[in-house]
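Colleague: Below is the structure, and that's it, no one-letter string:
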């Protein structure tokens with residue numbers, strides 16, 4: 001059986017999003033425990049005519065890790 005890597009990637013992204021949503025929805029403090037990393041302030045590239053702003057911030061929480069684990073389990077069952 002040929003499994004699609006894009007399906008795995010999309011399931012993991014959905015697990016992160018749904019896990020983060022459930023972590024914010026439930027009033028359990030340990031689900032929202034985590035770490036943020038990325039650019040603290042956006043990087044601005046001003047070319048005179050065009051101004052481009054780059055920024056990236058990622059927050060990994062316990063709920064999103066649980067979502068990733070569930071997504072991988074679901075992927076293996078498919």
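Modeller: Received it, and whenever you're ready, just let me know what you need. Since this is a predicted model, take the numbers as computed values, not measurements. Residues are numbered from 1 along each chain as shown.
Colleague: Could you check how far the residue positioned nearest the centre of the chain is from residue 69?
Modeller: In the chain, the centroid-proximal residue (C-alpha atoms, centre = their mean) is residue 16; its distance is 4.6 Å. Residue 16 sits 11 Å away from residue 69, going by C-beta to C-beta, to the nearest Å. Quick note: C-beta positions are derived from backbone N, CA and C, even for glycine.
Colleague: Report pLDDT for residue 62.
Modeller: Note for residue 62: predicted pLDDT of 93.
Colleague: try the one 3 residues further on
Modeller: In this model, residue 65 is scored at 93, pLDDT.
Colleague: so it makes contact with residue 19?
Modeller: Yes. Between residue 65 and residue 19 there is a contact at 7.2 Å, judged by C-beta atoms under 8 Å.
Colleague: And the two? Which one has more around it.
Modeller: residue 19 (22 against 16; other C-beta atoms under 10 Å).
Colleague: mind checking how far the nearest residue to residue 38 once chain neighbours are set aside is from residue 15?
Modeller: With sequence-adjacent residues excluded and distances taken as C-beta to C-beta, 6 or more residues apart in numbering, residue 38 is closest to residue 57, at 3.8 Å. As judged by C-beta to C-beta, residue 57 and residue 15 stand 19 Å apart.
Colleague: Give the next helix or strand downstream of the helix or strand that contains residue 24.
Modeller: Assessed by DSSP states H and E, residue 24 sits inside helix 5-25. If you walk from helix 5-25 toward the C-terminus, the next helix or strand you reach (DSSP H and E) is strand 34-38.
Colleague: Check which element follows that next one along the chain.
Modeller: That would be, after strand 34-38 and using DSSP H and E, strand 43-46.
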